[in-house]
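Colleague: Coordinates only, no sequence provided:
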Ligand code: FAD
């Protein structure tokens, strides 16, 4: 039996980061993975989708280049090449992670792991061979999987999940997207920018439920502007594949016909068949219950990422991985995940943190003051010819304590980090306003929003 100080189950952005940190701290570490190093994020999630989003943005910009004085004949799409490039990006990154693990002397064990008893994981390889790994501390990082309800006739080509849209070369002209959450909207952005006819069907009254309402409606507006048909408050009642056509009935609406249907209605934590019950590990609804140290109810067993957190973000998984690894390696670390950035890579993109405006008003009533700095007043946005968006900052009127922010517009997923840092370290809105921002940048709009909040705006009347 191989013996380790720390064994990590799952090699996504939670697990591989945990393994690297544990090994860096001197723990003899192994990582057990049954599919692909890098997990969902690197293989079929964040990375391929962002490579596709960058491509679609370039393609779309070329169609509008005449406005910038560049005469460009109609761009031609070679989707096979687009996907080949996307796969190369994925391969470079997954290969890089494997090298990082090896350089830190982390043993990579390919196979499916299952907790056998306290301190032991049974690993079954693809050929059926089994081995037992013993470890003083175990970090569960099994992530999440796509939800595939039986009502949809998934076939891997015409009715698909993001596992296929991030890997397959198939791109028909008409695409139906079921689910208008973040992932559905990102793919609607990709396909509409590539000139496809897209229909999104979302059961809730607005796209991206959970996001600031005003910002979600801006996302809907930008998608509609690119020709996307947005059917919110709508339910698919049946779906079938007829030859090469997906036929979907939508309650109270005309039938939708498309060459492909992407079903993006959520991801479920991977918590079954990994031996949690045998060890009596407590659950919090569908996810593994952990404290701020990422410790489960069983001593020496930690859980991180999508299997133990309702915020399904790679960077949250990685942060939890670091916290768990520090504790597993005998150090002390915790994070209550009070402040972290949330990102939506639609065009325009969204970066947010803390409370949304409606959450802040619900919790703090009239004590809340909100400022919205429009990107129409940003020099950089004007230079880019992309002035859709704003920086919205929400703070307590009396103290200037920042409660949250939502940025929408170019580079917002980067711009938001300044506010994340400010909130994490409890800076006030005055301190944000006093910070010198480079000009012209998209980030300077954060300083402008803070000045606007203080009633001292320079570049907007407010
Ligand atoms: P995962 O990445 O799911 O990794 C878990 C790993 O564990 C997998 O490799 C799995 O095969 C393995 N595993 C599971 N069970 C076992 C077992 N029993 N034995 C061995 N191995 C096992 N997040 C962002 O922050 N930004 C984005 O832009 C973003 N875009 C996304 C786009 C798409 C299309 C999708 C689907 C997701 C996106 N996400 C994004 C979410 C992000 O991918 C996840 O939040 C993140 O991957 C979670 O990391 P994790 O380590 O918890 O789990």
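Modeller: Everything's here; your move. Note that the structure is predicted; figures quoted are calculated from it, not measured.

Colleague: Can you tell me the SS state at residue 102?
Modeller: Secondary structure assignment for residue 102 (DSSP: H, G, I helix; E, B strand; the rest coil): helix.

Colleague: doesn't residue 37 make contact with it?
Modeller: No - distance between residue 102 and residue 37: 10.5 Å, which falls outside the contact criterion (CB atoms under 8 Å). All C-beta atoms are positioned from the backbone trio N, CA, C, and that covers glycine.

Colleague: OK, contacts around whatever residue of the stretch 51-200 of the chain ends up closest to the ligand?
Modeller: Nearest residue of the stretch 51-200 of the chain to the ligand (CB to the nearest ligand atom) works out as residue 143 at 2.1 Å. With contact set as CB atoms under 8 Å, 6 or more residues apart in numbering, residue 143 has these partners: 10, 12, 14-15, 39-40, 269-270, 305-307, 317.

Colleague: With residue 48 instead?
Modeller: 86-87, 89-90, 166-167.

Colleague: separation between it and residue 201?
Modeller: 24 Å (CB to CB, to the nearest Å).

Colleague: Quick check: phi and psi on the residue of the stretch 251-400 of the chain found nearest the ligand?
Modeller: With CB to the nearest ligand atom as the measure, residue 305 is the residue of the stretch 251-400 of the chain nearest to the ligand, at 2.2 Å. With angles defined as degrees, to the nearest 10, residue 305 sits at phi 70, psi -160.

Colleague: Mind naming the longest strand for this structure?
Modeller: Longest strand of the chain, by residue count under DSSP state E: strand 130-140.

Colleague: Over the helix or strand following that strand, what's the mean pLDDT, rounded is fine.
Modeller: Using DSSP states H and E, the next helix or strand after strand 130-140 towards the C-terminus is strand 144-146. The average pLDDT within strand 144-146 is 98.

Colleague: same question, stretch 97-104
Modeller: 98.

Colleague: How about stretch 251-266?
Modeller: The pLDDT scores in stretch 251-266 average 97.

Colleague: in this structure, which residue is closest to the centre?
Modeller: With distances taken as CA atoms, centre = their mean, the residue of the chain nearest its centroid is residue 313 (4.5 Å).

Colleague: Which residue is the nearest non-sequential neighbour of that residue?
Modeller: Excluding its sequence neighbours, the residue lying closest to residue 313 (CB to CB, 6 or more residues apart in numbering) is residue 342, at 6.8 Å.

Colleague: try residue 154
Modeller: Nearest one to residue 154, counting by CB to CB, 6+ apart, is residue 148 at 5.5 Å.

Colleague: Report the buried members of the contacts of residue 143.
Modeller: Burial by neighbour count, 16 or more other CB atoms under 10 Å: within these this picks out 10, 12, 14-15, 39-40, 269-270, 305-307, 317.

Colleague: In strands, which of these appear?
Modeller: Members of those lying in strands (criterion: DSSP E): residue 269.

Colleague: Which of the buried ones among the contacts of residue 143 fall in helices?
Modeller: Counting by DSSP state H, the part of these found in helices is 15, 39-40, 317.

Colleague: between those residues, which is closest to residue 230?
Modeller: residue 40 (26.4 Å; CB to CB).

Colleague: For the closest one, give me its contacts.
Modeller: Residues near residue 40 by CB under 8 Å, 6+ apart: 12, 143-144, 267, 306.
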